[in-house]
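*Asks:* sequence unknown, structure follows:
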């Protein structure tokens with residue numbers, strides 16, 4: 001009981017007080033918004049209840065302080081009253097949207113990491129199952145041999161299975177939590193094979209081939225979009241410089257010719 005007293009003041013007083021404020025804000029948040037936020041945070045990899053409280057507290061502080069900062073800056077540079085109110089409204093909108101934008105970017109980055117590592121994980125699952133391991137032991141082998149987001153998700157599934165959750169429910173929850181279509185299809189195929197008694201090895205091999213085919217098609221699709229994406233930098237950045245270099249001397253000579261004629 002002496003050890004907590006040796007902690008810094010911020011850990012003993014400030015952090016618990018801020019967490020209590022976050023819990024109070026969470027209590028005022030409607031249940032549907034809280035549920036949607038919980039799903040988004042889980043998709044971004046934040047599955048702890050403390051993460052939800054921290055997110056709500058940070059957003060509430062931004063909504064309170066950021067408009068005041070914008071108004072204070074506007075008053076310092078002596079803007080009109082209408083502009084001061086407009087800057088306060090702009091600060092409120094930025095504080096309202098910024099945490100959601102950052103969270104969505106984290107979700108997108110995490111989903112991309114899962115998509116990139118999924119073919120390699122599928123190959124390791126196929127090899128492990130065909131070598132005689134069960135599907136649970138194959139997932140454990142993935143967590144041992146491969147580092148990344150998908151490996152962490154498999155580790156969470158194994159932990160849930162150990163505490164008594166049914167495997168098909170844990171797999172479905174993992175797929176729904178990540179929001180990756182390929183992983184949802186994979187989890188559905190494994191659950192169906194488990195219910196129908198089909199060989200898991202054959203299902204895994206078919207899923208591995210399908211995922212690699214989809215990945216190849218995605219790469220080809222992005223490659224076909226590249227010329228269109230390069231069009232805008234060419235038109236607005238490269239072409240003006242080329243015109244300035246090639247036509248600039250001719251324009252100068254024409255200006256000199258017209259000046260001499262006068």
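*Replies:* That came in fine, so what should we check first? What you are looking at is a predicted structure, and each value in this text was computed from that prediction instead of being measured.

*Asks:* phi, psi of residue 146?
*Replies:* phi -120, psi 130 (degrees, to the nearest 10).

*Asks:* contacts only, for it.
*Replies:* Contacts for residue 146 (CB atoms under 8 Å, 6 or more residues apart in numbering) come out as 117, 120-121, 124. Placement of C-beta: from N, CA and C, glycine included.

*Asks:* got a pLDDT number for it?
*Replies:* Residue 146 carries a pLDDT value of 85.

*Asks:* how near is it to residue 93?
*Replies:* Between residue 146 and residue 93 the distance is 42 Å, computed by CB to CB, to the nearest Å.

*Asks:* how far away from the center of its chain is the lengthiest helix in the chain?
*Replies:* Looking across the chain with DSSP state H, the single longest helix is helix 81-130. Between the centre of helix 81-130 and the centre of its host chain there is 3 Å, according to CA atoms, centre = their mean, to the nearest Å.

*Asks:* for it, packing partners?
*Replies:* helix 31-43, helix 49-76, helix 135-145, helix 149-162, helix 167-178, helix 181-196, helix 200-233 (3 or more CB pairs under 8 Å, 6 or more residues apart in numbering; DSSP states H and E).

*Asks:* can I get the ones you listed in a markdown table including mean neighbour count and distance to residue 84?
*Replies:* What follows is those, written out as a markdown table (neighbours: other CB atoms under 10 Å; distance: least, CB to CB, whole Å):
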| stretch | mean neighbour count | distance to residue 84 |
| --- | --- | --- |
| helix 31-43 | 15 | 30 |
| helix 49-76 | 16 | 4 |
| helix 135-145 | 17 | 55 |
| helix 149-162 | 18 | 45 |
| helix 167-178 | 18 | 44 |
| helix 181-196 | 17 | 47 |
| helix 200-233 | 13 | 37 |
